[in-house]
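Asks: predicted coordinates and the sequence they were generated for:
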Amino acid sequence: MDILLNELAGRPVFWIISMIMLVSAFMVVTLKNVFHCAIFLILTLFSVAGLFVMLNAEFLAAAQVLIYVGAISILMIFAIMLSSNFAKDKIRMTSKNAIVVSLPVMFFGLGVIALVVKTIVDIQPLWNRDPADLTALPADNTMMIGKYLMTEYMLPFEVVSVLLLSAMIGAIVLARKERS
Amino acid sequence: MDPQLPITNVTETLLAMLPEIFLFCWALVVITIDVVSKRKSETLAGYLSMIGLLITGILLSFSTYGKGFGNMFFNDPMAAFFKIIFISAAFMAIGSSFGITKKKIVNHRGEFFGLILFSTVGMMFLSASREMISLYIGLELTTIPLFVLAAFFKDEKLSIESGIKYFVIGAFSSALLLYGMSFLYGLSGTTDLLSMRLNIAAFHLTFKQIGVVVLISNIMLVAGIGFKLALPPFHQWAPDVYEGAPTPVAAFLSVGSKAAGLVAFAKMFLLALPAFYGTEMFPNDWGMMVGFFAACSMIIGNVVAIRQTNIKRMLAYSSIAQAGYIMVGMLALNEHGLASVAFYMFAYLFANMGAFAAVALFEDKTGSCQIASYEGLSKTSPFFAVSFSIFLLSLVGIPPLGGFMAKYKVFAAAIAQASAHESGQWIYWLVGIGLLTSVFSLYYYANVIRQMYFSKNDSPYTMTYNPAILTVLIIGVLGVLAAGLFPEPVLEFAGQISNSFGF
Amino acid sequence: MGILSWLILVPLIGMVYVMLMPKEKVNLIRYGAVIISVIPMLLSFWLTWDYFFNYSGSAAMAYMEGPYEWIPSLNIQYLLGADGISVPMLFLTGLLSTISLIASFSIKFRVKEYFAFFLLLEAGMMGVFVALDFFLFYVFWEIMLVPMYFLIGVWGGPQKEYAAIKFFLYTLFGSIFMLVAILIMYFTSEPHTLNMLELIDHGPTLSHTLQMVCFIFFFIAFAIKVPVWPFHTWLPDAHVQAPTAVSVILAGVLLKMGTYAMLRINWPMFPKALQDLSFWIAVLGVIGIIYGALVSMAQKDLKKLVAYSSVSHMGYCMLALAAYSSVTAIAGVMFQMISHGLITGALFLMVGVLYDRAHTREIALFGGLGSKLPVYTALMLMFSMAALGLPGMSGFVSEFMIFIGAFGALNKVLVGIAVLGVVLGAAYMLRMFQNVFLGEFNMAKWGGLTEINGRELLTVIPLAILTLAIGIYPKPLTDLLQATLDNLVLLMSR
Amino acid sequence: MTEHSYLIVLLPAFSFLMIVFFLRWKEKIASLFSIAMIVTSLIMSISVLFETIARNGEAYTASFTMAQLGSFKLQLGLLIDPLTAMMLVVVTAIGTCVEIYSIGYMKDDPRFSRFFAYLSLFLFSMLGLVVSDNFFMTFIFWELVGLTSYLLIGFWFEKKSAADACKKAFLTTRVGDLGFLVGLLLIMYYTGTFNYEEVFAKIGMDVFPPAMLTLAAIGVFCGAIGKSAQFPLHTWLPDAMEGPTPVSAIVHSATMVAAGVYLTARAMTVFVASADASFFVAVIGVVTSLLAATIALVQVDIKRILAYSTVSQLGYMIMALGLYGYDTANGHHSPGFYAGTFHLMTHAFFKSLLFMGAGSVIHAVHTNDIRDMGGLLKKMPITAPTFLIGSLSIAGFPLTSGFFSKDEIVAATFGHPVFTVLTLLIAFMTAFYMWRLCFLTFFGKPRDEHRYEHAHESPKTMAYPLIFLAFMAVFVGWTGIPALSHGFASFVFHAEPYHPHADWMNYIVSSIVGLSGIGLAWLMYYKRKIDPDKLAERFKPIYTLFWNKWYFDELYDIIIVKPILAIGRFFWSFDANVVDGAVNGTAKVTLLWADLKWWFDRWIVDGAVNGCGWIVRAFGSLLKYIQSGRMQFYGLFILFFIVAAGIYKFESAYLNGWIFTDFLEVTTLFVILIGFLSYFAKTIVPESTTKPKREE
Amino acid sequence: MLPYIAVAAVLFSLGIFGVLTRRNTIGILMSLELMFNAVNINLVAFNKFVWTDALIGQMFAMFIIVVAAAEAVVGLAIVLLLYRNWQGINTDNINIMKW
């Protein structure tokens, strides 16, 4: 825990962004009104993008905003509007359910953190490197990503496009209303 | 370890990828033709897809071993072997879907077959990857069309329900898998599985231990891939989905998707993490954990199947159980292990696809999936009854059918492992459970045979066969028999897989 | 293709023939099947003849075929051979198969499937007795289950489904143990092999624990088939529900596979374990003898009585098998196997004859049949007497040899108890005979019964002749067995 | 002729086969053929007898190997020594008589030729038994005579009593054979051979531990107990009288039942080597004899009286043999062997005579009950005198065969006062009950006029054998008159002639005993000086005991038959329910995962298991809910296992097994986890949603 | 590095929580997106603090974003079907098949 606190202490920006992210994520999973959830989801995704920026992943941040915020969330809002009368439809979580689920979930989250801490302690030089020793990420990582996509990652890139195509076809097939 | 010549230039790489590329294009062709032809023909799309698969198979036989795009594409014996399985599974699934394309999915025949082909392409890429990212994407390309396919009967609640269940659990597992993968990346700094293996080993030596984060990734990976394999406790979606989804899709799920999961498992665990197999790596070992799940799988699958009255659900549990047997072979880290897995999959392919084809045929004819409605079929449709019985008996593992040969190989592998290492003694227990439960399994498989044969009454139904399903049934019977009687070529081929994995 | 392969192949060809016939041509199917099954029968006769005159002096495998590679990557070979213990079994199989096929003429529905399954069954049985490769052996061992399952399940009695699945489950349960043991043997041998003859040499080199484990695993597998008490409960169900001809095969051949396999595999392969466990095996045998006899005594169903008597009779086999060091006892086992095959087979045939006419097997419903059906009664009397071990019949010779051999090699008290089985055997057989054939004849009820007919006589008479022949002059058989058994005893006493 | 003596054995067998396969439908020819065969045998036997005498009693042997495994041999063989030769003549002679007699007796029987077939088979077996040269062959024919006895007793199997009796006979003798078999096993084990001469030679070489020898001897004697109807296996013989009378005459008086005596005599060397066994034999003999005699005193069925008399006489012989063995083992001389075998011979003749006579009487009056007879002397001019001659002989009237042989038995008991007294007592009783029978049957007034009216003398075929036998009953014993140089004795003791006591006191005592028995019977049943009914009233308990044959049948029924049947039924129900239940149970345990209620109702019916069953059931019915149909629950299930696996691994690695220490705990926790999950799954399923019928 | 991993862990847990508890199917989809995002944070954080010599983590995250998008599309299509067939997207009703 000390490590965690130490690291947090010096980073107010991270602290703020991550808090926004977590709080809004919490809202996403707890609010009754699904439309509000969608709004908070957008907020969460934005803050994730913010974290990406902090982590020197500007292109990713942009992609995040474009794809998630720009596409997925909007799609969801559309879906919500298509599928439910959101003014009336306030589906409540059953309390029993939530309690029972929250227990293992907490175990899970805390367990992961604990194990990570343990690992950082165990493999000190590997995971807790002195930033000075690290070669900095290339500043032009956007360009790098472009290069990667055209060289090493060409194949996954193509396959992903196949994936998108098939998802699209699938979605169209499913969503289409049949003339009977 | 890499007996293959590396592919040096892009052209060669593309040539090596020709089957995949062809199949992808063909899928588009099928969809397009179907659309262009105003979906008039009931069978055109189906036959086109089957032809496409045949051509892919032919192309496959010309393709060479080797790698391209870094390690993104890596054609090794395992890839080749499993590609055959995927293609055959798709072929047989398509062959058995002519009934539903005739009646139920009149408007989307092309898409239906196209999606199956897309999924097949995904599987083929998956099996040809030696890298985490492409592996993951292959896995997703496999799964996402299947989400759609499961929900393909758009106005049947069962189908939709199976679709949403499959989707939610699938996406959930995929997130878990990714989470595990992210930690693996964090540990090794690479997504290339071979480098990962080396890196982790190196770090392990450097730091004496590399922490319990491997534990997280192990569990997460098992959960993620276990979903694909329907390995208990990650199995619960399977019966529901199999029951609700169109029968050919369920068949494809039970064979193709399972085989894809196996490939993923083999690549992640046997290629990247074999060092963490044994108890000496405690708590980061995965061997006993997977063994436990395999045992659960055999027990739960076989035991619960006994109670089922719906044949698709019964077959679902049976395939859960079969996954357990396969995992027994997977856990035997020796020259027989992977070979046995591959061979099992091969034999299982024919038996299970055949069984599902029979179920599909019957369902098309009668609309029923109840085991009880199979009563007396042996008198009105002897060929149907005989072939279905052969498939079921092969699933039980009765010699000389393929299922037996496969079980033999798997248990041989396991016993070889158990008898070779002191620390591997627990595999004996696994073998014991496997064998015992395979006796149980007889009970429910035989129950179907009993319905078909032992009844005094004649069935009110008489099966009629269209050429496609007839082909599928005959291929199934011949395959099962061949896998049992003359398995040598396949076994030899499967043996190369083990070699290329370094066992 | 040697003669042994033909023994397996001819029934398979017959099966194909039957399957190709249109199902309306019932007679073509029946007679065709019988004629085809005569070929392996004659082959097995010739084999016995040839073996007796040319090979019986040596313990080596005669008529070896192979090893031909079958699945080289698993070292699985096609390897057949026959020696002194296989040849009589082949003889028995050939004979009983044909007889059962003739007896099957009373099957009236789904004839085609019936005969096809039957011929498949015959092929499997032949295979078990000649296979020398473990895998091959296992395959044949299991192949029989399927036709048997169908034969019981489709053509059986009122509880056929239960009986069929019980039989199947039990046997499969046993075979999985065998499979494990086979695999252990395979992987401990160096170089890995599945050749039984080589593994017999390899067995004693294993560690003691492993020997025990393998021995027990094999034992369970074979004991279920025999069936040894307490693995016997599948037997009465299967026997009673099965159609007559299938009961004959079941009792005549299938049960013998267990004891045959013990002699062929289990006993010589793990002599140390055998020596440690022989007492307990003998105890199981004795329990089987007494228990089977007592239970037979309580039976109300004729067929069930015969079925339970099998438990008792196979108990003798187990007792003698426990006396592994005595050639006499082991010869007794062989005799008992043959004679039980003949006698119980015949008894089942006889019961079937009665059942075909009376449509019941309830002992209490009959009485005094002796005055209405003299020939039938005489035959039944003869086989009952043979079953209870009357001198002059094969059963006596075998029991006598078993007692002599076991007495010398085993705990004397145990054998003393086993001897009680002789009286109990007489008791249940005579009880049955009295209730069915003696006493007052109920003319009103059974006046319509007809005497045994020619076809049925044809099935029974050969068995009667053989029973008598072996009982009166067993020397040819002992001569045939001598060398093989001497060698076996040597192996088992290692 | 001796080298062809196997023909003596085989001719009846030939006759059997011929009748069964060819002559069955021609009754006349069948019977004549059968008689021809046995007469041929008789002639050959006589010639063999003379040849044996001419050889000075030297044994002739020949053998044939049936089966051989290394040194182990099963052989058939001939051993012709004086004992054999004597028995051959006895068996064939009586066989001839009986077959001739049967022509008349069985005239109207529908299974006439079958009777002759059976008789031939019996004679074959009996002769085989007589000539055998080894224990194994003896055992074979021993069993075969058992079979033929079974067939013959059950000849009229429509009668329930006959059907019961034949089974009883076979089973009871088989109990004795059990001992015989054990004896054989011991002999084989210690000597490695069955051949009489080799076994005897081996015994001389002390290969047997004494205790084992005794056991072996007693074992062999058990065979005799069964076959010769000795106590405690004597109960079958009286019942065996359900068979046709000629059968009783040959099988159950003269030959087969004497086989036990013959066996004892044949194996005398074994007994001689063990004093204990011999004493046992003697005691069994005397007890049987006394027991049977007492029962015979009060019986009213003519054949049963004769049957008990047979048992009694056989006991006599056995006792004599036993005493011989005992005395010889102790170094004394004894005429027991001679007496036993001699009485065997004489008894065969007069007892078959008596039986045939009785058969003739029954034939005439159609009843077995002597209380319904009386005064038949006038009606049956041949039967009655011959019967009376037989009775005199068995009563030991001076100068009859019985007199001489019984005398020797009494002589054999000298030195054992208790035996002497009992022997004389038995002799007295024998004379009494035989003459009670005679007086009631042939003298006095007819008690049943109707039967008396219809009584008539039997046909000639029945009468001639009687005359022949009556002749033999008187004169055959003369071969053993001491004054005639002990012809029989020196014959059977060819190697070492032994002179019995030619003691006149002995003769006088036994004559007095016999005559007084006859006299008492005369007083009671002819002169009616003593009222037998009053006597019976007076000694009611004893009378009842005798009347009910000492309650042996009832006793056996209670202590043996019923328990065995009960155990059989118990095992069967055990088999059908428990073993099966357990086995099916394991299969069914599997079902219990899904739905235990059904399983519970069906299989766990036992209250003791209820508690256990309830827990399992509760758990099992919970488990069903795991497959709850709710996808989120499926996800939860996955999560649970991820967490559980993580906790388990982490805990055991870093908290040193603080929570989970062993397999059991882990399993328990696992089970609890599953239970909890399924309970949870159950609670989150809305109650209203039941599984709908989805497809029809 | 640790704060990022920890935050990602919490986000991932929240996602799981959402998937397992939301009774609105679209809510489940949203929660899934949270999970994927947590993974992405992980990957990128590792890339930044541990393995800086290449942009593998970022690439991986990229692909995940795309795949997640595809999944979302398909998921939403299925949700639409649900709505059509059940007239609602409440997960409570979607359990015809069980046991």
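Replies: Structure's in. What do you need? Residues are numbered from 1 along each chain as shown, chains lettered A, B, ... in the order given.
Asks: what are the ranges of the helices in the stretch 301-450 of chain C?
Replies: Applying DSSP state H, counting those that start in this stretch to the stretch 301-450 of chain C gives helices spanning C:302-322, C:327-358, C:369-372, C:374-387, C:394-409, C:412-437, C:443-446.
Asks: most tightly packed of those helices?
Replies: helix C:302-322 (a mean of 28; mean count of other Cβ atoms under 10 Å in any protein chain shown). Yep, even glycine has a C-beta here, placed from its N, CA and C like the rest.
Asks: quick one on the thing from earlier: can you redo the helices of the stretch 301-450 of chain C as JSON lines with distance to chain B?
Replies: Below are the helices of the stretch 301-450 of chain C laid out as JSON lines (distance: least, Cβ to the nearest Cβ, whole Å):
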{"stretch": "helix C:302-322", "distance to chain B": "20"}
{"stretch": "helix C:327-358", "distance to chain B": "19"}
{"stretch": "helix C:369-372", "distance to chain B": "31"}
{"stretch": "helix C:374-387", "distance to chain B": "31"}
{"stretch": "helix C:394-409", "distance to chain B": "33"}
{"stretch": "helix C:412-437", "distance to chain B": "30"}
{"stretch": "helix C:443-446", "distance to chain B": "28"}
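Asks: I'd like those laid out as TSV, including distance to chain E and mean pLDDT.
Replies: As requested, the helices of the stretch 301-450 of chain C are exported to TSV (distance: least, Cβ to the nearest Cβ, whole Å; pLDDT from 0 to 100):
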stretch	distance to chain E	mean pLDDT
helix C:302-322	40	89
helix C:327-358	44	90
helix C:369-372	56	82
helix C:374-387	52	89
helix C:394-409	55	88
helix C:412-437	49	86
helix C:443-446	53	81
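Asks: and the ones you listed: which comes nearest E:Ser13?
Replies: helix C:302-322 (63.3 Å; Cβ to Cβ).
Asks: would you map the helices across the chain?
Replies: Since no chain was named, I'll use chain A. Taking DSSP state H, the helices of chain A run over residues A:2-9, A:12-30, A:34-54, A:58-63, A:73-83, A:95-122, A:124-127, A:141-150, A:154-175.
Asks: my question was about chain E, not that one.
Replies: Using DSSP H, helices in chain E cover E:2-21, E:25-49, E:56-86.
Asks: okay, the ones you listed in TSV with mean neighbour count, distance to D:Tyr105 and mean pLDDT next?
Replies: Formatted as TSV, those follow (neighbours: other Cβ atoms under 10 Å in any protein chain shown; distance: least, Cβ to Cβ, whole Å; pLDDT from 0 to 100):
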stretch	mean neighbour count	distance to D:Tyr105	mean pLDDT
helix E:2-21	26	100	91
helix E:25-49	27	102	91
helix E:56-86	24	97	91
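Asks: out of those helices, which comes closest to chain D?
Replies: With Cβ to the nearest Cβ as the measure, helix E:2-21 is the member of those nearest chain D (5.1 Å).
Asks: now do the strands in chain B.
Replies: B:66-68, B:73-75 (DSSP state E).
Asks: for D:Phe403, see how far away D:Ala395 is.
Replies: 9 Å (Cβ to Cβ, to the nearest Å).
Asks: quick one on the thing from earlier: go through the helices of chain A and find the least confident stretch.
Replies: With a mean of 62, helix A:2-9 has the lowest mean pLDDT of the helices of chain A.
Asks: surely D:Asn56 is in a helix?
Replies: No. Under DSSP: H, G, I helix; E, B strand; the rest coil, D:Asn56 sits outside any helix and is assigned coil.
Asks: and it, how many neighbours?
Replies: Using other Cβ atoms under 10 Å in any protein chain shown, D:Asn56 is surrounded by 10 other residues.
Asks: next one: D:Gly95
Replies: Counted with other Cβ under 10 Å, D:Gly95 comes out at 29.
Asks: so it touches D:Ile250, yeah?
Replies: Yes. Using Cβ atoms under 8 Å, D:Gly95 is in contact with D:Ile250, at 6.2 Å.
Asks: before we move on, the earlier item: okay, the helices of chain E in TSV with distance to chain C next?
Replies: TSV is the format used below for these (distance: least, Cβ to the nearest Cβ, whole Å):
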stretch	distance to chain C
helix E:2-21	40
helix E:25-49	42
helix E:56-86	39
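Asks: a markdown table for those helices, including distance to D:Arg266?
Replies: Compiled in a markdown table, the helices of chain E are given as follows (distance: least, Cβ to Cβ, whole Å):
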| stretch | distance to D:Arg266 |
| --- | --- |
| helix E:2-21 | 93 |
| helix E:25-49 | 98 |
| helix E:56-86 | 98 |
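Asks: which among the ones you listed is found nearest to B:Thr206?
Replies: helix E:25-49 (18.0 Å).
Asks: do you know how far C:Lys304 is from chain A?
Replies: 56 Å (Cβ to the nearest Cβ, to the nearest Å).
Asks: got the phi and psi for the closest residue to C:Leu277 other than its chain neighbours?
Replies: Nearest residue to C:Leu277, sequence neighbours excluded (Cβ to Cβ, 6 or more residues apart in numbering or on different chains): C:Phe215, at 6.9 Å. With angles defined as degrees, to the nearest 10, C:Phe215 sits at phi -60, psi -50.
Asks: count residues in the vicinity of C:Phe215, would you?
Replies: 23.
Asks: same question, the one 3 residues further on
Replies: Here the neighbour count serves as a burial measure; for C:Phe218 (other Cβ under 10 Å) it reads 25.
Asks: what's the helix or strand for it?
Replies: helix C:208-225 (DSSP states H and E).
Asks: how far out from the middle of the chain is that helix?
Replies: 20 Å (Cα atoms, centre = their mean, to the nearest Å).
Asks: tell me the buried residues in it?
Replies: Buried residues in helix C:208-225, counted by 16 or more other Cβ atoms under 10 Å in any protein chain shown: C:210-225.
Asks: over to stretch D:45-59?
Replies: For stretch D:45-59, the neighbour count (16+ other Cβ under 10 Å) marks D:Ser45, D:Ile46, D:Ser47, D:Val48, D:Leu49, D:Glu51, D:Thr52, D:Arg55, D:Gly57, D:Ala59 as buried.
Asks: those residues: which two are farthest apart?
Replies: Distances among these were taken as Cβ to Cβ; the most separated pair is D:Ile46 and D:Ala59, at 18.5 Å.
Asks: common neighbours of D:Gly95 and D:Ile250, please.
Replies: D:Leu119 (Cβ atoms under 8 Å, 6 or more residues apart in numbering or on different chains).
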